[in-house]
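Visitor: have a look at this prediction, sequence included:
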Amino acid sequence: MEHQNIFDTHAHYGDARFDPDREELLAALPQRGVSLVLEAGCNLENSRQSAALARRHPYIYCAVGVHPQDAGTVSGEDRYLDELALLAKEQKVKAIGEIGLDYHYLDHPKEVQKARFEEQLALARDLDLPVIIHDREAHRDCLELIDKYRPKGVFHCFSGSREMAAELVKRGMYLGFTGVLTFSNARRALEAVEAIPLDRLLLETDCPYMAPAPFRGQRCDSSMIPRHAGVMARLKGVSVQQILDITNENGRRVFGIK
């Protein structure tokens, strides 16, 4: 096994693209160097599935939450927060997520997204859990709400500037990076990695999306992480295995996994 101790801190193995071979793939990943996976929820049904997946596989943990692109499927009056809180009582649920704001597609109005984001930030605060934040073209509003609720957690698939990266680190946040690091147009992500300390970096896939080069456009899985870990290692002047070890430790710290 070439690399080991891989912690994929953001995956979506419940996605339909894994339906043909999900259990076979998940059974094989530990032999490919994957020691931990954090499966992120996107809506209530998917959060239930994420919790079930974590129950079946010892190395998988999960987060539960409502993604901004699903923000309009629930409301503050329909007790969705109660269901998330109930799921969060399970031992392997380690975060509220993924939650946040997405102003690229605007499947749901900004005010609806912000309402759901605030409700879930408050829930995470009440439950003393970290958050996994999706921020796409909404940096200013995300930062305002981070300053209001002061959560611990991670900005996943970080897409902001090096200046924003530094501001988030000052606020105690971690930043997750995907196979985007290997893309030819990855300048901002590379600058962000350069700007922040090793102890705030996380590696993730966002699988089945964001496969690193030369697999871009194909279905991604956690065993591909050494591809973009190599880019991170080069930027930080350490070995690929050191990056895998450091990001594993960082992920365990932020999600409270011993």
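Guide: Noted; the coordinates are in hand.
Visitor: contacts and neighbour counts: CA atoms only from here.
Guide: Noted.
Visitor: ok, now which ones touch Pro151?
Guide: 121, 124-125, 130-131 (C-alpha atoms under 8 Å, 6 or more residues apart in numbering).
Visitor: which of those residues fall within helices?
Guide: Among the contacts of Pro151, the members falling in helices (DSSP state H) are 121, 124-125.
Visitor: so where do the strands sit in the protein?
Guide: Here the chain has its strands, by DSSP state E, at 6-11, 34-39, 60-64, 93-102, 131-136, 153-155, 174-177, 201-203.
Visitor: now those strands as CSV including mean pLDDT, mean neighbour count and distance to Arg216?
Guide: Listed next are the strands of the chain as CSV, based on pLDDT from 0 to 100; neighbours: other C-alpha atoms under 10 Å; distance: least, C-alpha to C-alpha, whole Å:
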stretch, mean pLDDT, mean neighbour count, distance to Arg216
strand 6-11, 98, 29, 16
strand 34-39, 98, 24, 20
strand 60-64, 98, 28, 25
strand 93-102, 98, 28, 23
strand 131-136, 98, 26, 20
strand 153-155, 98, 25, 22
strand 174-177, 98, 26, 15
strand 201-203, 98, 28, 17
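Visitor: among those, which is nearest Glu191?
Guide: Counting by C-alpha to C-alpha, Glu191 lies closest to strand 174-177 out of those; the figure is 11.8 Å.
Visitor: give me the contact list for stretch 162-182.
Guide: Under C-alpha under 8 Å, 6+ apart, the answer for stretch 162-182 is 9, 150, 152-158, 186, 188-193, 195-196, 200-206, 210-213, 225, 227-228, 231-232, 254.
Visitor: repeat that with 7 Å
Guide: Applying C-alpha atoms under 7 Å, 6 or more residues apart in numbering, the contact partners of stretch 162-182 are 152-158, 186, 189-192, 195-196, 200-206, 210-213, 228, 231.
Visitor: and those, which are buried?
Guide: 152-158, 189-192, 195-196, 200-206, 210-213, 228, 231 (16 or more other C-alpha atoms under 10 Å).
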